[in-house]
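Colleague: Requesting a structural model of the entry that follows:
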Amino acid sequence: MTENSKKRDSLAWLKEKTETIALNSEQKAAETPRALFLPGFDVGAFPNHLNRSSFIAPIARGRRKHHHQTEMVTRKDCVLEYTGEQLDEADGDIIMALIAFAQPFPLGAFVPLNRAKLLHKLNRNTGKSQYDWLYKSMKRLREGVLFLEARKPDGSTRYTVGKMQSFNILKEIEYDDNSETYTFVLDPRWIIMFGNREYSLIDWDKRMQIGRGQDMAKTLQRLVATSNNQVQHYALDELKSKMEYSGRIRDFRDAVARACLELERLGIIENHKIEDSTRGKQQLSIWIPLSSA
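Modeller: The predicted model follows:
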């Protein structure tokens, strides 16, 4: 065997060994229950990388895409790939509620939850249509798989979730018809996305008061919560992509304005303006109340 062949074999062995260690490490992280302590909230905490992406979007009825390892719209400090049905803001509400109900348990442990209690938390009625909707949404969350890579300013990887071991939004779920109770498991790796306080606290009471058909307002509420800046600016074309809006930009502009008025009504934001940026591009400028900054 030549010297070059020996080097190639050594490199191949090292690569295989590194991948095996990474796989074992992520498998252990996915299987070991861990406590998630989020101070100062009842319900409404959600990771910033997800809030800033198109992972959850205000999609129109009947226009739910099916993604297959689709790279979602994110900031440059994150790569997010998703497989499953596109999630809407109602799905996002369920995820936030499940995270809250799981607080007394280590993530990775089974959590029992009465379906009527869950619907009440979501400010929904407990009729057959709502139970059917809840079942379909829970099934959608169980089938959804994501991969997330958070990056440092120099572009190197800070952490990954779901690279070697698949990450389901809901790791496991069962339903008992007699007790009308779901039993669910959240992947312990949710903790990684909440690490270093990289999450937002959403005002849940105000969120539940956002009017019907105003999912865009819910998306903006999650987005503005990721920053402490009193004045925030969002390029309109990037916002349109993030919200999975396929219509004309002028229609999107009107829809965004209506969403902002709803947030102003509830005191979530103080004011808004659609204007040209210093680079001549249309942007949404939002002012949040001083008490929230």
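Colleague: C-alpha from now on. contacts and neighbour counts both.
Modeller: Fine.
Colleague: On the three-state scheme, Lys273 is what?
Modeller: Under DSSP: H, G, I helix; E, B strand; the rest coil, Lys273 falls in the strand class.
Colleague: right, and it touches Leu261 too?
Modeller: No - with contact defined as CA atoms under 8 Å, Lys273 does not reach Leu261; the gap is 10.5 Å.
Colleague: For these two, indicate the residue with more neighbours.
Modeller: Leu261 (18 against 13; other CA atoms under 10 Å).
Colleague: helix or strand for the more buried one, which one?
Modeller: In this assignment (DSSP states H and E), Leu261 forms part of helix 249-265.
Colleague: residue contacts, the nearest residue to Arg115 once chain neighbours are set aside?
Modeller: Counting by CA to CA, 6 or more residues apart in numbering, the nearest residue to Arg115 once its immediate chain neighbours are dropped is Thr181, at 5.6 Å. Residues near Thr181 by CA atoms under 8 Å, 6 or more residues apart in numbering: 112-115, 175.
Colleague: Just the buried ones from those, in PyMOL syntax?
Modeller: Of these, the buried ones go into a single PyMOL selection, burial set by 16 or more other CA atoms under 10 Å:
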select buried, resi 112+113+115+175
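Colleague: remind me which residues of this structure are low pLDDT?
Modeller: Confidence mapping of the chain against pLDDT under 70 gives the ranges 1-27, 40, 292-293.
Colleague: Just give the nearest non-adjacent residue to the spatially most central residue of it, would you?
Modeller: What sits nearest the mean C-alpha location of the chain, by CA atoms, centre = their mean, is Leu50, with 3.6 Å. Leaving aside its chain neighbours, Leu50 sits nearest to Ile56 (7.6 Å; criterion: CA to CA, 6+ apart).
Colleague: what number of residues lie near the one you found?
Modeller: 21.
Colleague: Next: the one 3 residues further on.
Modeller: Here the number of neighbours of Ile59 (other CA under 10 Å) works out to 19.
Colleague: Could you verify that it is part of a helix?
Modeller: No - counting by three-state DSSP, Ile59 falls outside a helix, being coil.
Colleague: going forward can the numbers begin at 17, since that is how I track them
Modeller: That works, and once the first residue is 17, the last one we named lands at Ile75.
Colleague: Report the contact partners of Asn141.
Modeller: Leu135.
Colleague: Doesn't it lie inside a helix?
Modeller: No - using three-state DSSP, the assignment for Asn141 is coil, not a helix.
Colleague: thinking again about what came up before, now for the helix holding Leu277, which elements pack on it?
Modeller: helix 231-240, helix 252-258, strand 287-292 (3 or more CA pairs under 8 Å, 6 or more residues apart in numbering; DSSP states H and E).
Colleague: can I get the CA coordinates of it in PDB?
Modeller: These are the backbone C-alpha positions of helix 265-281, laid out as PDB (Å, rounded to 0.1, in the frame of the first residue of the first chain):
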ATOM      1  CA  ILE A 265     -46.900  43.400  -3.600                       C
ATOM      2  CA  ARG A 266     -49.500  46.200  -3.500                       C
ATOM      3  CA  ASP A 267     -52.100  43.800  -2.100                       C
ATOM      4  CA  PHE A 268     -49.500  42.600   0.400                       C
ATOM      5  CA  ARG A 269     -48.800  46.100   1.500                       C
ATOM      6  CA  ASP A 270     -52.600  46.700   2.200                       C
ATOM      7  CA  ALA A 271     -52.800  43.400   4.100                       C
ATOM      8  CA  VAL A 272     -49.700  44.300   6.300                       C
ATOM      9  CA  ALA A 273     -51.300  47.700   7.000                       C
ATOM     10  CA  ARG A 274     -54.500  46.000   8.200                       C
ATOM     11  CA  ALA A 275     -52.400  43.700  10.400                       C
ATOM     12  CA  CYS A 276     -50.600  46.600  12.000                       C
ATOM     13  CA  LEU A 277     -53.800  48.400  12.700                       C
ATOM     14  CA  GLU A 278     -55.000  45.200  14.600                       C
ATOM     15  CA  LEU A 279     -51.800  45.200  16.600                       C
ATOM     16  CA  GLU A 280     -52.200  48.900  17.400                       C
ATOM     17  CA  ARG A 281     -55.800  48.200  18.600                       C
END
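Colleague: in it, what's buried?
Modeller: Buried residues in helix 265-281 (16+ other CA under 10 Å): 268-269, 272-273, 275-280.
Colleague: need those in CSV with distance to Tyr250, can you?
Modeller: Formatted as CSV, the buried residues of helix 265-281 follow (distance: CA to CA, whole Å):
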residue, distance to Tyr250
Phe268, 13
Arg269, 12
Val272, 11
Ala273, 13
Ala275, 14
Cys276, 13
Leu277, 16
Glu278, 18
Leu279, 16
Glu280, 17
